[in-house]
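Chemist: Sequence and computational prediction follow.
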Amino acid sequence: MYIVMIIACRWFFVKLEGTSTQRTALDGLKWLLQLAWKALMPWRSSFVPFIPCFVYGTPGRGVDAIIKAGKVLTEIENLESHVLMQKKHPLLRSPSIHASLISGGIELSTYPDYCKIELERRTLPGEDQATVTQEMDEILKAIKARDNQFKADFDVFLTRPAYEVSREEPIIQSLIRAYQVTLDEEPQFRGVGGWLESALLAEAGIPTVIFGPSGEGAHASVEYVDFDSVMRTTEVLIQLIIDFCNG
């Protein structure tokens, strides 16, 4: 199951002490002083040029949203290592969460007024959007309790259900028999962390089995399936259709 969300840390923007026009003027002043420095080169030891600095982000007058967002990332790391890793599934192991994208700020000299973090949370069967919403809500509330300057909201903008099917379903039993008849061996069951449309079919009341050829490079620039595996898969699927329809 995939759940992706956006956490937006926002603060009121600190008033700037300079503008882009001032920066242009600053560049011109620097050029002028460099020119004067060259002109006074014979007396350089007694001439110390001073270049004023316009302050765009005055210390103590702004709240750095990116630094505040770092507290969220720390809590996300703690969530995965201390909570999620303790949850186990016989086929899928543990759920996971990671920060996929982060953005914020305007320029180097300005205190960032916002920071946006996009997360992906991969869930196990039995976990849903309510599970993830509660996790994120508790994280943000805990940070706010420790830091009264911290302001953040989150939104779950995409969710997909997890899927697990009983091996006792007729379609699974037909596949087991078809696999045994065709390849003369027992099938091996395993789980995958990715999401497939089978979860939507299950929600509609249609038990679904995931079966296909072997290969490498899923979603990579080089992705392929083994040709011999494709042929064996075809033979198994033909036998599966015969078995299931005669059941």
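Modeler: Structure received.
Chemist: what's the domain layout of this protein?
Modeler: Per automatic domain parsing, the structural domains of the chain span 2-9+62-159, 18-54, 170-246.
Chemist: Among these, show me which one is buried the most.
Modeler: Mean neighbour count (mean count of other CB atoms under 10 Å) peaks for domain 2-9+62-159 among these, with a mean of 16. Yep, even glycine has a C-beta here, placed from its N, CA and C like the rest.
Chemist: so how far is it off the chain centroid?
Modeler: With CA atoms, centre = their mean, to the nearest Å as the basis, domain 2-9+62-159 stands 9 Å off its chain's centre.
Chemist: how about the strands of the chain, start to end?
Modeler: 2-10, 96-104, 114-122, 152-159, 215-216, 224-225 (DSSP state E).
Chemist: Let me have the ones you listed in JSON lines, adding mean pLDDT and distance to Ile238 as columns.
Modeler: JSON lines is the format used below for the strands of the chain (pLDDT from 0 to 100; distance: least, CB to CB, whole Å):
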{"stretch": "strand 2-10", "mean pLDDT": "50", "distance to Ile238": "33"}
{"stretch": "strand 96-104", "mean pLDDT": "92", "distance to Ile238": "37"}
{"stretch": "strand 114-122", "mean pLDDT": "92", "distance to Ile238": "34"}
{"stretch": "strand 152-159", "mean pLDDT": "90", "distance to Ile238": "36"}
{"stretch": "strand 215-216", "mean pLDDT": "90", "distance to Ile238": "20"}
{"stretch": "strand 224-225", "mean pLDDT": "92", "distance to Ile238": "18"}
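Chemist: Any chance of CSV for the ones you listed, columns distance to Cys245?
Modeler: Compiled in CSV, the strands of the chain are given as follows (distance: least, CB to CB, whole Å):
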stretch, distance to Cys245
strand 2-10, 34
strand 96-104, 39
strand 114-122, 36
strand 152-159, 35
strand 215-216, 28
strand 224-225, 26
